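In: predicted structure and sequence below. I'll ask about it afterward.
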Amino acid sequence: MQLLKELTEVPGPPGYEEAVRKIMTDRMRVFTEKISYDGLGSVIAQQGDAGPRIMLDAHMDELSGMVRHVRPDGFISMQMLGYWLDAALPDQRWVILGSKGPIPAVTDIWDAHIAPHDAPGHVQRQELFLDTGAANAADVAALGISPGDPVAPISDFAVLANNRYLAKAWDDRVGCAVMLEVMRRMGKTPHPNQIFYIGTVQEEGSIEMRGARTSAHIVNPDIGFSLEVGIPNDVPGPGPEAAQEVLGGGPGMMLYTFSEIPNRKLVAHVKRVAADRHIPLQFDFVPGFGDDAGAIKLHASGVPVTTVLVPGRSTHAHNGIIDRGDFDRTVDLLVALIQSLDAATVAGIKSFNP
């Protein structure tokens, strides 16, 4: 729980992952001395010196923003980094990481008494600005804020009923936490391979999955797993075809996204391992979802890869929810998968010989 609190509360916009990288590196050093970095800032830790090269990937960055323009009246426009819902942005707290340190801010919202309406009960869509309390542009400059400064959401970690956790940035700090817990357990567990644990940078804000691409060049994996947050569809509203996961239903595996159609043999292997270990496994098809698996699979001549998920409600907003049981069973599944991937099994997954 302390790890999840630490990881979710620190800021980590794309390209500004320093605070997250420090937590990841400090924790990884407890389990291995083999730690390196790619040229963009992804952190790479290794356990094992022989056998198939298994890559576990989780991105450190989160949905965020960047200072775009400071108006004469002191209000600040923001370049959004990543896919935000418009409804999730007004009247939210943020931190601007300026040259003089973190500055709190809030996105403005029109007062209900004066908001213009297109129709009764429907407020017009408003342009978004950050309010630091500044009265003019000089006040903003005095705070150490200038265009290009990263802006991260603020949301405190909290424990809810039924062992569920509320926080920001589950996408993808929950994957980072799964990775660290797998690493802790594999340090004391025999396995037939080399495991590379990678906290990647710059997954959000683009469809290039930049850190996954550069780190895969270093690792040269035989098999890849992207550890991500899943998309439960268990709240009132969206229809049953939108997504199929539920909170508390166990780990998930994505079977279709815009960035990936997973390797069929690897999918079948994950299903077998989950069934053998009596771990419930959910499946999902989300065309609007993309992740680092899309970059890993295109490394060199191609890598068998799939995405393993911890379901999380409201991932692209300030406040999301995960279930602790889903987290724990995802760790169990990854540990079992790593133990199962010996040289013969990996060769079979990689073979396309008819």
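Out: Arrived safely. As the structure is a computational prediction, the values presented were derived from the model and not from experiment. Residues are numbered from 1 along each chain as shown.
In: use CA for all of it now, contacts and neighbours both
Out: Fine.
In: report the separation between the residue nearest to Ile321 when sequence neighbours are not counted and Ala216.
Out: Closest residue to Ile321 apart from its sequence neighbours, by Cα to Cα, 6 or more residues apart in numbering: Leu166 at 4.6 Å. As for Leu166, its distance to Ala216 is 32 Å (criterion: Cα to Cα, to the nearest Å).
In: could you do Pro52 as well?
Out: For Pro52, the distance to Ala216 - Cα to Cα - is 14 Å.
In: likewise for Asp108?
Out: Plainly put, Asp108 is 41 Å away from Ala216 if you go by Cα to Cα.
In: between the two, which one's more packed in?
Out: Ala216 (23 against 18; other Cα atoms under 10 Å).
In: isn't there a strand covering the more buried one?
Out: No. Using DSSP: H, G, I helix; E, B strand; the rest coil, the secondary structure at Ala216 is helix, not a strand.
In: return the residues in contact with the residue nearest to it when sequence neighbours are not counted.
Out: Spatially, and ignoring its direct neighbours in sequence, Ala216 is nearest to Ile296 (6.1 Å; Cα to Cα, 6+ apart). Ile296 is in contact with Ala212, Arg213, Ala216, Gly224, Gly302, Val303, Val305, counting by Cα atoms under 8 Å, 6 or more residues apart in numbering.
In: now stretch 272-282: buried residues?
Out: Val273, Ala274, Ile279, Pro280, Leu281, Gln282 (16 or more other Cα atoms under 10 Å).
In: can you tell me the average pLDDT over it?
Out: Looking at stretch 272-282 alone, the average pLDDT works out to 98.
In: quick one: terminal-to-terminal distance for that stretch?
Out: Note: stretch 272-282 ends 13 Å apart using Cα to Cα.
In: so Asp156 sits against Ala167, correct?
Out: Yes. Using Cα atoms under 8 Å, Asp156 is in contact with Ala167, at 6.0 Å.
In: shared neighbours, the two?
Out: Shared contacts of Asp156 and Ala167, defined by Cα under 8 Å, 6+ apart, comprise Glu9.
In: these two - which one has more neighbours?
Out: With neighbours defined as other Cα under 10 Å, Asp156 and Ala167 compare such that Ala167 has more, 23 against 15.
In: so Val219 versus Ala45, what's the distance?
Out: In terms of Cα to Cα, Val219 sits 10 Å off from Ala45.
In: shared neighbours, the two?
Out: Residues touching both Val219 and Ala45 comprise Phe196, with contact defined as Cα under 8 Å, 6+ apart.
In: neighbour count winner among these two?
Out: Neighbour tally, Val219 and Ala45, criterion other Cα under 10 Å: the higher count belongs to Ala45, 22 against 19.
In: name the element the more buried one belongs to?
Out: Secondary structure from DSSP states H and E places Ala45 in strand 43-47.
In: where along this protein do the helices fall?
Out: Assigned by DSSP state H, the chain shows helices spanning 2-9, 18-28, 137-142, 170-186, 210-219, 264-276, 293-296, 324-340, 343-350.
In: export these to CSV and append columns for distance to Lys34.
Out: Shown next, in CSV, are those (distance: least, Cα to Cα, whole Å):
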stretch, distance to Lys34
helix 2-9, 21
helix 18-28, 9
helix 137-142, 42
helix 170-186, 13
helix 210-219, 13
helix 264-276, 27
helix 293-296, 21
helix 324-340, 19
helix 343-350, 22
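In: poorly predicted segments of the stretch 201-350 of the chain, please.
Out: For the stretch 201-350 of the chain, applying pLDDT under 70 flags the ranges 205-207.
In: same thing but 80
Out: 205-208, 237-243, 288-289 (pLDDT under 80).
In: spell out which residues make up each domain of this structure.
Out: Listed domain ranges for the chain are 2-62+168-350, 65-153 (source: automatic domain parsing).
In: could the ones you listed go into CSV alongside distance to Leu160?
Out: Output for the domains of the chain, formatted as CSV (distance: least, Cα to Cα, whole Å):
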stretch, distance to Leu160
domain 2-62+168-350, 9
domain 65-153, 20
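In: winner for burial among the ones you listed?
Out: domain 2-62+168-350 (a mean of 20; mean count of other Cα atoms under 10 Å).
In: now do the end-to-end distance for that domain.
Out: Domain 2-62+168-350 has an end-to-end distance of 38 Å (criterion: Cα to Cα).
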